[in-house]
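Asker: With the sequence up front, the predicted model follows.
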Amino acid sequence: MSRPVLLTEAQADVLGALALCRTPERIARRLGMSANAASAQVNNLRHRLGVETIDEIVPRARQLGLLR
C-alpha cells in the first residue's frame, strides 16, 4: 500500500499556480517569489509526485486528489 503524498504549504501554493501558469517564471510572478525559488519548488514537486517532467505534475496531482 502506498503512502499518501503530503505537500508543504509552499508546494501546495506552487502546485495551484502551476495548474494555471505552467512555467516557473509565471509562478514566481504570481506568488511573489524568485524564479529560482519557484523552479526549486517545481523540482521538489516532480520528485514528490514521482514524475519526470513539469507537464506530468498537474495530471499526477489530480490523479492523487491533490488538485481538482
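Answerer: Perfect, I can see it now.

Asker: In this structure, where is pLDDT below threshold?
Answerer: Along the chain, the model assigns pLDDT under 70 to residues 1-2.

Asker: can you pull the buried residues of the one helix or strand Ile27 maps to?
Answerer: If you go by DSSP states H and E, Ile27 is part of helix 24-31. Buried residues in helix 24-31, counted by 16 or more other Cβ atoms under 10 Å: 24, 27-28, 30-31. C-beta: built from backbone N, CA, C; applies to glycine.

Asker: which residues does the most centrally placed residue in the chain contact?
Answerer: Per Cα atoms, centre = their mean, the C-alpha nearest to the average position across the chain is that of Leu15, at 3.3 Å. Leu15 makes contact with 7, 45, 57-58, 61, 66-67 under the criterion Cβ atoms under 8 Å, 6 or more residues apart in numbering.

Asker: residue ranges of the helices in the protein, please?
Answerer: 9-21, 24-31, 35-49, 54-63 (DSSP state H).

Asker: contacting residues around the second one?
Answerer: Residues outside helix 24-31 that contact it (Cβ under 8 Å, 6+ apart) are 13-14, 17-18, 20-21, 33-35, 37-39, 41-42, 54.

Asker: If you rank those by neighbours, which is first?
Answerer: The residue in the contacts of helix 24-31 with the most neighbours, by other Cβ atoms under 10 Å, is Val14 (28 neighbours).
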